[in-house]
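> Quick one, fold the following:
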Amino acid sequence: MRSVFEYHPIIGFRFIPETKARISHEGGGYFVRTNQTGFRCDHPFEERRIAGMRRVLLFGDSFTAGDGVSNGYRYGDYLE
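Model (predicted):
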């Protein structure tokens with residue numbers, strides 16, 4: 001099975017940037033895609049702040065990462 005994580009010396013494990021993978025799961029499997037900065041997201045993030053647009057970062061465990069569901073079905077995607 002292909003790993004979607006890599007070790008980072010400061011933050012520990014993180015998603016590998018620009019990854020597309022199907023992960024086996026008890027429900028049959030799900031798809032993971034990460035953007036250029038390693039966030040689990042189907043689109044790139046704007047590096048510069050856009051006037052009038054708010055940004056929110058979600059930190060957490062496997063529930064926040066969306067283990068078991070494809071991108072688009074995670075609660076962070078619904079918030080977006």
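> Identify the residue spatially nearest to Phe5, adjacent ones excluded.
Spatial nearest neighbour of Phe5, chain neighbours left out: Phe13 (4.7 Å); criterion: CB to CB, 6 or more residues apart in numbering. For every residue, glycine as well, the C-beta is placed using N, CA and C.
> Parallel or antiparallel, list what pairs with the helix or strand containing the one you found.
In the assignment (DSSP states H and E), Phe13 maps to strand 12-15. Each strand paired with strand 12-15, and its direction, by DSSP bridges: strand 5-8 (antiparallel).
> Tell me the bridge partners for the spatially most central residue of the chain.
The centroid of the chain falls nearest to Arg40 when counting by CA atoms, centre = their mean (1.5 Å). For Arg40, the beta-bridge partners are Thr34 (DSSP bridges).
> any idea how far it lies from Asp67?
10 Å (CB to CB, to the nearest Å).
> Would you state the strands of this protein in chain order?
5-8, 12-15, 20-23, 30-33 (DSSP state E).
> correct me, but Arg22 touches Gly29?
Yes: contact criterion CB atoms under 8 Å: Arg22 and Gly29 qualify, at 5.5 Å.
> how about Phe39, what does it touch?
15, 45 (CB atoms under 8 Å, 6 or more residues apart in numbering).
> Need the pLDDT of it.
With respect to pLDDT, Phe39 has a value of 91.
> Arg2 now?
65.
> Spatially nearest residue to Gly66, not counting backbone neighbours?
That would be Arg74: by CB to CB, 6+ apart, it lies 3.4 Å from Gly66.
> my guess is that neighbour contacts Asp67, does it?
No: Arg74 lies out of contact with Asp67 (CB under 8 Å); the separation is 9.3 Å.
> So for these two, which sits in the more crowded spot?
Between Arg74 and Asp67, Arg74 has the larger neighbour count (other CB atoms under 10 Å), namely 21 against 13.
> Could you list which residues are in contact with that one?
Counting by CB under 8 Å, 6+ apart, the residues that Arg74 touches are 40, 64-66.
> again with Tyr30
Tyr30 neighbours (CB under 8 Å, 6+ apart): 22-23, 68-70.
> Look up how far Ile50 lies from it.
Distance from Tyr30 to Ile50, by CB to CB: 31 Å.
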